[in-house]
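A.B. asks: generate coordinates for the sequence data below:
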Amino acid sequence: PTSSGCSLRELLKDRVLFMPQEISLKDVPGLVGTVVGVSDWITVDQTMIDAFAGATMDHQFIHTDPVRAAAETPFGGTIAHGFLTLSLLSAMNYNCLPKILEQTMGINYGFEKVRFMSPVRTGKRIRGSFKLAEARFRGAGMLMNTYEVTVEIEDERKPALTADWITISQFDPKDRPEGV
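C.D. replies: Here you go, the predicted model:
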């Protein structure tokens, strides 16, 4: 309970009113069902898209040739790779999710579902919203967290993507809360 007698979950419900920068491991399960972070905006520019194309060897013209993309696609220019948008979840995560004090390492476990809903046009800004859907202790020193993530495109109705992202917070077993 907070000083007002309400739990963090009751205060937050489906939106972030206030989320501390750091939380205790024992408090994480009580946040299930709440939006625990909304990242700052990230501008997806052509330089970023070109660097991603080089790293992934995906040089399809819809990503790398602004003139051709403007002429031959309905997008009016180049768009970001869906996987570029997905990969930015890590930066968004670091930007907005509270640090778990006892965590010694975070691990990307994978995704249950990813849907690319709308293209991210070059020059647009995106941000991530993270709702904690599940938090369960596994083994002696792991907490598995599932986030329902939505990546919003500024000034657009449809999101760029939605995903169910699973991460693992590893911690020293001596720090495991009692009774879980």
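
A.B. asks: mean confidence for the longest helix seen in the chain?
C.D. replies: Scanning the chain for the longest helix, with DSSP state H as the assignment, gives helix 46-56. Averaged across helix 46-56, pLDDT comes to 97.

A.B. asks: repeat that for stretch 137-151.
C.D. replies: Mean pLDDT, stretch 137-151: 96.

A.B. asks: run the chain-centre distance for it.
C.D. replies: 13 Å (Cα atoms, centre = their mean, to the nearest Å).

A.B. asks: again with stretch 29-46
C.D. replies: How far stretch 29-46 lies from its chain's middle: 5 Å, per Cα atoms, centre = their mean.

A.B. asks: give me the buried positions along it.
C.D. replies: Buried residues in stretch 29-46, counted by 16 or more other Cβ atoms under 10 Å: 29-32, 34-39, 42, 44, 46. (Each C-beta comes from the backbone N, C-alpha and C, glycine too.)

A.B. asks: and for stretch 161-175?
C.D. replies: Within stretch 161-175, the residues that count as buried by 16+ other Cβ under 10 Å are 161-169, 171.

A.B. asks: and which of these is nearest A51?
C.D. replies: Of all those, A51 sits closest to L161, with 19.6 Å by Cβ to Cβ.

A.B. asks: returning to what we had before: want to throw the buried residues of stretch 161-175 into JSON lines with distance to I62?
C.D. replies: Below are these laid out as JSON lines (distance: Cβ to Cβ, whole Å):
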{"residue": "L161", "distance to I62": "17"}
{"residue": "T162", "distance to I62": "21"}
{"residue": "A163", "distance to I62": "22"}
{"residue": "D164", "distance to I62": "27"}
{"residue": "W165", "distance to I62": "26"}
{"residue": "I166", "distance to I62": "30"}
{"residue": "T167", "distance to I62": "31"}
{"residue": "I168", "distance to I62": "35"}
{"residue": "S169", "distance to I62": "37"}
{"residue": "F171", "distance to I62": "43"}
